[in-house]
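J.: Predicted coordinates and the sequence they were generated for:
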Amino acid sequence: MTHRVGILGATGAVGQRFVQLLEDHPQFELVCVTASDASAGKPYREAAKWRVDTPIPDDVADLTVRETSPEAIPDDVDLLFSSLPSGAAAAVEPELCEAGYVVSSNSSNDRMAPDVPLTIPEINPDHLGLIEVQRDERGWDGALLKNPNCSTITMVPTLAAIDEFGLERVHVSTLQAVSGAGYSGVTSMEILDNAIPHIGGEEEKMESESRKLLGSFDGTELSLHDAEVAASCNRIPTLDGHLENVFAELAADPDPDEVREAMASFPGADLPSSPDPLVHVFGPEDPDRPQPRMDRMKGDGMQVVAGGVESTPEGVKYNCLAHNTIRGAAGASVLNGELLAAEGWL
């Protein structure tokens with residue numbers, strides 16, 4: 001079955017990734033794009049300053065950009081993907097849900113709301129049950145689903161794989177690409193020949209979202225995972241691909257081979273955009289991998305990559321990597337949309 005979909009905030013960096021990923025999608029037909037009032041009424045090819053590495057699809061280029069409001073969106077759209085700035089999203093996403101639309105959102109607002117599913121389909125698909133709680137509490141017929149922050153998505157699949165060893169505490173230091181800040185987010189004078197050891201709000205997102213994603217849902221309420229998470233987030237001059245150094249304290253004492261096997265064998269999801277396997281693991285013969293330029297496009301940019309696995313006195317340390325605007329943003333929302341379709345929410 002093909003579902004008609006739209007993109008909110010379609011002209012920005014992540015919005016353009018949505019357009020790219022939805023081209024020839026087996027389940028979704030893109031029929032609606034929205035943006036700011038300044039872009040509304042223009043053909044998409046004129047409104048979007050296209051920067052993605054493939055051409056604008058012809059059928060999308062000719063779409064007229066709409067205002068981002070419930071009144072401007074066709075009634076027969078089954079699903080909306082949101083890449084709006086968090087302030088704009090906080091205002092309009094509830095209005096869209098009240099109007100009956102289902103929204104799969106990459107925006108950061110409401111990720112930690114107790115009645116909003118924060119989902120990585122391979123990790124916690126059962127958390128979609130929060131939609132029923134959400135509808136009861138908010139009194140709307142639509143639904144709001146979030147994917148986590150790009151840095152969180154990079155790490156959590158590896159943590160989920162090793163949780164079988166008793167995950168107790170996590171320390172992570174990130175090396176994040178400039179595309180995570182948007183096209184105009186970091187100037188060349190700031191980042192060239194430099195590294196910036198602070199990304200506003202990023203550490204808090206990693207620390208809280210990880211525990212929600214790894215938490216348990218009893219059908220009524222979601223409980224956060226008990227593990228403590230501490231993050232240090234840094235911006236470096238790579239274009240795409242967030243690299244992270246993870247130190248995990250475990251109750252058990254697995255050797256590196258057991259950890260690599262747990263990650264490599266962690267199951268994916270039976271969804272079109274989910275890679276198989278979910279985590280590509282480099283062995284001890286490749287101690288200098290993963291690397292952003294070499295490995296960010298594994299699994300068409302949807303795979304998490306891990307390597308450098310070594311034992312520590314408290315557990316294990318390793319590196320992990322994911323493409324931040326594909327797996328970490330637009331691709332994550334598309335995958336959540338596929339989960340919504342598979343579970344009958346559309």
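T.: Looks like it came in fine.
J.: Whichever helix or strand residue 170 is part of pairs with which strands, and in what direction?
T.: According to DSSP states H and E, residue 170 maps onto strand 167-176. Strand pairing for strand 167-176, determined by DSSP bridges: strand 228-235 (parallel), strand 242-250 (antiparallel).
J.: count of residues packed around residue 251?
T.: 9 (other Cβ atoms under 10 Å). Glycine gets a C-beta too; all of them are placed from N, C-alpha and C.
J.: actually residue 37, not the one I wrote
T.: Neighbours of residue 37 using other Cβ under 10 Å come to 9.
J.: so it sits right up against residue 67, yeah?
T.: Yes: under the criterion of Cβ atoms under 8 Å, residue 37 makes contact with residue 67 at 6.4 Å.
J.: Skip the chain neighbours and tell me the closest residue to residue 97.
T.: Nearest residue to residue 97 in three dimensions, chain neighbours excluded: residue 142, at 3.4 Å (Cβ to Cβ, 6 or more residues apart in numbering).
J.: Check the gap between the nearest residue to residue 301 once chain neighbours are set aside and residue 17 for me.
T.: Once flanking residues are discounted, residue 301 sits nearest to residue 326: 3.3 Å by Cβ to Cβ, 6+ apart. Residue 326 is 6 Å from residue 17, where distance means Cβ to Cβ, to the nearest Å.
J.: so where is this structure shaky, pLDDT-wise?
T.: Across the chain, not a single residue meets the criterion (pLDDT under 70).
J.: State the three-state secondary structure for residue 96.
T.: Following DSSP: H, G, I helix; E, B strand; the rest coil, we place residue 96 in the helix state.
J.: quick one: it from residue 52, how far?
T.: Residue 96 is 25 Å from residue 52, by Cβ to Cβ.
J.: the more surrounded of these two?
T.: Just comparing residue 96 and residue 52: by other Cβ under 10 Å the higher neighbour count belongs to residue 96, 25 against 16.
J.: May I have the residues that are in contact with the more buried one?
T.: By Cβ atoms under 8 Å, 6 or more residues apart in numbering, the contact list for residue 96 reads 8, 70, 73, 80, 103, 142.
J.: Now tabulate these in CSV and tack on distance to residue 335 and neighbour count.
T.: Formatted as CSV, the contacts of residue 96 follow (distance: Cβ to Cβ, whole Å; neighbours: other Cβ atoms under 10 Å):
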residue, distance to residue 335, neighbour count
8, 17, 29
70, 25, 16
73, 22, 20
80, 15, 25
103, 15, 26
142, 20, 21
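J.: show me where the stretch 151-300 of the chain has helices.
T.: Along the stretch 151-300 of the chain, the stretches classed as helices by DSSP state H, counting those that start in this stretch are 188-191, 202-213, 256-264, 292-295.
J.: relative to strand 242-250, how tilted is the second one?
T.: Per axes from the mean of the first three to the mean of the last three Cα atoms, to 10 degrees, the angle that helix 202-213 makes with strand 242-250 is 50 degrees.
J.: my guess is residue 66 meets residue 47, correct?
T.: No: between residue 66 and residue 47 there is no contact under Cβ under 8 Å: 10.5 Å.
J.: what touches both of these two?
T.: By Cβ under 8 Å, 6+ apart, no residue touches both residue 66 and residue 47.
J.: Tell me which residues touch the nearest residue to residue 17 once chain neighbours are set aside, please.
T.: Take residue 17 and drop its neighbours on the chain: the residue closest to it by Cβ to Cβ, 6+ apart is residue 330, 3.6 Å away. Applying Cβ under 8 Å, 6+ apart to residue 330 gives the contacts 14-15, 17-18, 20-21, 81, 83, 106.
J.: cool, residue 183 as well?
T.: 12-13, 51.
J.: Can you select the buried ones among these for me in PyMOL?
T.: Typed into PyMOL, the line below selects the buried ones among those, using 16 or more other Cβ atoms under 10 Å:
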select buried, resi 12+13
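J.: List just the nearest of the contacts of residue 183 to residue 214.
T.: Nearest to residue 214 among the contacts of residue 183: residue 13, at 28.5 Å, using Cβ to Cβ.
J.: what's the distance between that closest one and residue 166?
T.: 39 Å.
J.: coming back round to it: from the contacts of residue 183, which land in helices?
T.: residue 13 (DSSP state H).
J.: for the contacts of residue 183, which one is nearest residue 28?
T.: Nearest to residue 28 among the contacts of residue 183, with distances taken as Cβ to Cβ, is residue 12, at 19.2 Å.
J.: Please tell me I have it right and the closest one contacts residue 83.
T.: Yes: the pair residue 12 and residue 83 passes the contact test of Cβ under 8 Å, sitting 5.9 Å apart.
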